[in-house]
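Trainee: Okay, predicted coordinates and the sequence, questions at the end:
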Amino acid sequence: MVHALKEAHRVLTANGILLDVRPAAKHRRAGVGQGEGWREVGALREDFGDDRASDRAVRQVLSEGLFRMESRIEFDLDRVMDTLQDFRAWLDDFSTEKLPTYDRLYRKVERARAAEPEGTRITVRGPLKIAVLRKIARHR
C-alpha cells in the first residue's frame, strides 16, 4: 500500500488531492428498520488486518512528508435491503469465507424481522471514513 501511495504522489500534480475512502476498522452491525427506527440485532466479526495495514501506510506517507492531511470524517453508512434473500446475498458476497457466525447472524436477523411489520427492511450499518490528503511537493 505504501508503494501505491508513493505512486499516487508521483503522478499527482503539484498541490494535488488524494481521497482515501474506505470502511473504518470497526465491525458492521446488522439490524431491522431504517434511520432512527433501526434496531441492532447483531454484529459481523471481520478481520481488520488489511484495514490496519492501510492505516499504517497512510501514517507512513504522512510522516515522510509526502502528503498533508487536509481533513477527515467518519460516519455510519447504511446498506438497506428489502428481503432476507438480499441480506443473504450480501452476506455471501461480503465474506470470502463462510463463517458460522454469519449463519447465526442471519438467523437472528430472520427472527427479528419476523417480529416486525411486513415490509420492514434489513439494514447493515458500518463506519465509512473519508480523508483528504494534499500532495506536498518534494524538493530535489
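Mentor: That came through fine. Numbering: from 1, shown residues only.
Trainee: Dihedrals phi and psi, the residue nearest the centre of the chain?
Mentor: The centroid of the chain falls nearest to Pro23 when counting by Cα atoms, centre = their mean (2.0 Å). Main-chain dihedrals, Pro23, degrees, to the nearest 10: phi -60, psi 150.
Trainee: One more: the one 4 residues further on?
Mentor: Recorded main-chain torsions at His27 are phi -70, psi 140, according to degrees, to the nearest 10.
Trainee: Grab the nearest non-local neighbour of it.
Mentor: Spatial nearest neighbour of His27, excluding adjacent residues (Cβ to Cβ, 6 or more residues apart in numbering): Ala43 at 4.6 Å. All C-beta spots, glycine's among them, are computed from the backbone N, C-alpha and C.
Trainee: So what touches the helix or strand that contains Phe87?
Mentor: Assigned by DSSP states H and E, Phe87 falls within helix 84-94. Applying Cβ atoms under 8 Å, 6 or more residues apart in numbering, the external contacts of helix 84-94 come out as 30, 44, 79, 81, 98, 102, 105-106, 109-110, 113, 122, 124.
Trainee: Which of these fall within strands?
Mentor: Cross-referencing the contacts of helix 84-94 against strands under DSSP state E gives Ala30, Arg79, Met81, Ile122, Val124.
Trainee: Quick one, which of the residues you listed are buried?
Mentor: The neighbour count (16 or more other Cβ atoms under 10 Å) marks Ala30, Met81, Ile122, Val124 as buried among the ones in strands among the contacts of helix 84-94.
Trainee: Against Glu110, how distant is the last one?
Mentor: Per Cβ to Cβ, to the nearest Å, Val124 is found 14 Å from Glu110.
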